[in-house]
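**Student:** have a look; sequence and predicted model below, questions after that.
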Amino acid sequence: MKKRTVVLTRLALMIALSMIFSYIEHLLNLNVGIPGVKLGTANIVCLFALYRFSWYEAFGVNMGRIALSALLFGTPVSLLYSAVGGVLAFAAMLALKKTKLFGAVGISVGGSVMHCIGQLCAATLITGSVAVFSYLPLMLVWATVFGAVTGGICLLALKRIKKP
């Protein structure tokens with residue numbers, strides 16, 4: 001019973017930290033020419049969890065943060081965007097990590113790119129138009145830049161915080 005309590009407490013703390021990052025990001029209004037573009041700081045926690053814990057615990061952190069963020073700061077539509085993007089991003093990060101060909105920065109960039117593609121897929125479902133994919137080239141630029149930044153921060157955290 002003690003081990004289960006430790007695991008649940010650890011995951012709750014990870015979700016809480018990612019919620020703090022999400023809230024700060026919600027307050028910051030990045031104006032980069034595309035609506036909804038964000039730095040993705042909550043991905044730092046998800047990627048960290050992917051390295052330090054099991055994949056299903058990391059997935060729980062990711063989905064818990066998405067659900068709570070939508071509940072507290074968003075709308076049902078924002079939940080759809082975040083959930084589709086989050087699931088695709090997580091799947092990409094997990095697959096890239098399993099190849100052992102990429103480090104934290106490369107995995108983060110891959111997740112960021114897939115998150116953008118997932119959001120555009122959700123937007124296509126909502127609008128019924130594939131024209132939203134015209135945003136893809138610019139979104140990929142920002143996904144690469146922001147993914148590299150969040151991956152770099154995660155890499156620093158992985159070096160400084162010992163495994164449990």
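**Tutor:** Yep, it's here.
**Student:** just give me the neighbour total for Ala89.
**Tutor:** For Ala89, the neighbour count with other C-beta atoms under 10 Å is 29. C-beta here means a position set from N, CA and C on the backbone, and glycine is covered the same way.
**Student:** any idea how far the most centrally placed residue in the chain lies from Ser129?
**Tutor:** The centre of the chain sits closest to Asn43, judged by C-alpha atoms, centre = their mean, with a distance of 3.6 Å. Relative to Ser129, Asn43 is positioned 28 Å away (C-beta to C-beta, to the nearest Å).
**Student:** all strands of the chain, in order?
**Tutor:** Counting by DSSP state E, the chain has no strands at all.
**Student:** quick one: low-confidence parts of it?
**Tutor:** Flagging of the chain using pLDDT under 70 yields the residue ranges 1, 32-33, 35-36, 164.
**Student:** need the nearest residue in space to the residue nearest to the centre of the chain, chain neighbours excluded.
**Tutor:** In this structure, Asn43 finds its nearest non-sequential neighbour in Thr150, 4.9 Å apart by C-beta to C-beta, 6 or more residues apart in numbering.
**Student:** now do the same contact list for the one you found.
**Tutor:** Leu39, Gly40, Thr41, Asn43, Ile44, Leu47, Ser108, Ser112 (C-beta atoms under 8 Å, 6 or more residues apart in numbering).
**Student:** now those: which count as buried?
**Tutor:** By neighbour count, with 16 or more other C-beta atoms under 10 Å, the contacts of Thr150 hold Leu39, Gly40, Thr41, Asn43, Ile44, Leu47, Ser108, Ser112 as buried.
**Student:** and the gap between the second one and Val105?
**Tutor:** From Gly40 over to Val105 the distance is 13 Å, taken as C-beta to C-beta.
**Student:** show me where the protein has helices.
**Tutor:** 2-27, 42-52, 55-73, 76-99, 104-127, 136-160 (DSSP state H).
**Student:** for Ile34, which of these is the nearest?
**Tutor:** helix 136-160 (5.8 Å; C-beta to C-beta).
**Student:** now that closest one, how far from the centre of its chain.
**Tutor:** 10 Å (C-alpha atoms, centre = their mean, to the nearest Å).
**Student:** try stretch 64-74
**Tutor:** Centre to centre, stretch against its chain (C-alpha atoms, centre = their mean), the figure for stretch 64-74 is 13 Å.
**Student:** pull out the buried positions in it.
**Tutor:** For stretch 64-74, burial by neighbour count (16+ other C-beta under 10 Å) applies to Gly64, Arg65, Ile66, Ala67, Leu68, Ser69, Ala70, Gly74.
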